[in-house]
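A.B. asks: predicted model follows, preceded by the sequence.
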Amino acid sequence: MSTAANPVADFAPQPLAQAHALPARFYVGAESEELDRRAVLARNWQLLAHAAQLAEPGDHVIGEIAGVPLLLARGADRELRALHNVCRHRAGPLALCNGRGAKRLRCHYHGWTYALDGQLLSAPEMQDASNFDVGAIKLPQARVASWRGLVFATLDERAPALADLLDGMDARLGDHDIGHYAFHARESYDIACNWKTYIDNYLEGYHVPHIHPQLNRMLDYRSYVVETSRWHSLQHSPLESGDALYGSGEALYWFVWPNTMLNVMPGRMQTNRVLPLGPERCRIVFDYYYPPDAAALAEHHRRDQAFSDLVQREDVDMCERVQRGLASGSYVAGRLNPLRENGVHHFHELLREAYQAAP
């Protein structure tokens, strides 16, 4: 069925108390993938790197937004730029991996060489090309901004400022000094589900008592609260895990539109990026951060990673089963639970708004 089958009904805002989930057709097929690419992913900020990877001139990190290869690079002027990693000659890559201290950016296809600000410096054997001006050629740039050490980029000049996207999060973080946390490790999971299926699952604690027995024992489900803002939502709960894991305090789970999560517990943070790989596949990239002076860091991470992996495997299994249900032709969009699924409703309302605004 076309995603444009009934745009008035599909995209109209829905009050929480009367809300249904998005129809299944937005989670399957090439048409839904293309709609997400141009309406959502190409128009909004996405987490790409940590500032520590880009500390000195020539440091660079490769990434991608909505199919556009990007190259975050610290210039000789110390300015951070998000350059398109696409040579202006015949679309070759300027960088194949992250790196440190580069003096120039050289295309791996034909050797065209650019300065760190994206200006073309030289093009081998182009002397016979009529009206060819090296100085007139420069790599396009995306917008780039940083917050507490996390580096975001967007392709859209009209996207709201990153500060607007994250408004209110600084105050809620309180004493969590995540801006000084250091990267420790990365885990990735490839999942047979649409990227939105995974985010839907992340955004509610309704399922926690049913598929996460160990996590449920650690959190106070009765006190589990979801708060929504314009561009992000926060799930939080009192935490009692004992000294062997996170200790006591509070678990803070932020979703930042459209595909970034920050999980903040006492003395640690995980960032999760949900990257579409196709209409019914996605990759979840977990990065683990700890205070730089944390004692026994390796042991902290071992326990942290083991528990996170357990919860993730439980989620992966259910998300893949849900995706098969969405693709089955049986599912008709169900009612949302106003108490437990207001985070899902918030996400779906942002999607409806983006879909309606798409050309």
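C.D. replies: Sure thing, it's come through.

A.B. asks: ok, residue 188 - contacts?
C.D. replies: 283, 284, 285, 286 (CB atoms under 8 Å, 6 or more residues apart in numbering). Just so you know, the C-beta spots here come from the backbone N, C-alpha and C atoms, and that holds for glycine as well.

A.B. asks: most neighbours among these, which one?
C.D. replies: In terms of neighbour count, residue 284 stands highest of the contacts of residue 188 at 22 neighbours, by other CB atoms under 10 Å.

A.B. asks: so for the closest residue to that residue other than its chain neighbours, what's the pLDDT?
C.D. replies: Excluding its sequence neighbours, the residue lying closest to residue 284 (CB to CB, 6 or more residues apart in numbering) is residue 189, at 4.6 Å. At residue 189, the model reports a pLDDT of 94.

A.B. asks: tell me which of the contacts of residue 188 is nearest to residue 253?
C.D. replies: Proximity of the contacts of residue 188 to residue 253 (CB to CB) peaks at residue 286, which lies at 13.1 Å.

A.B. asks: and the strands in the stretch 201-350 of the chain, which stretches?
C.D. replies: 225-228, 232-240, 248-256, 260-265, 268-278, 281-290 (DSSP state E, counting those that start in this stretch).

A.B. asks: return the alpha-carbon coordinates of the third one using CSV.
C.D. replies: It stands for strand 248-256. The C-alpha trace of strand 248-256 is given here as CSV (Å, rounded to 0.1, in the frame of the first residue of the first chain):
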residue,chain,number,x,y,z
SER,A,248,22.1,4.0,43.5
GLY,A,249,20.7,7.2,42.0
GLU,A,250,18.7,7.7,38.9
ALA,A,251,18.6,6.3,35.4
LEU,A,252,18.2,8.9,32.7
TYR,A,253,17.3,7.8,29.2
TRP,A,254,17.1,10.6,26.6
PHE,A,255,15.9,10.3,23.0
VAL,A,256,17.0,13.2,20.8
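
A.B. asks: and it, what's buried?
C.D. replies: Neighbour counts over strand 248-256 (16 or more other CB atoms under 10 Å) mark 249, 251, 252, 253, 254, 255, 256 as buried.
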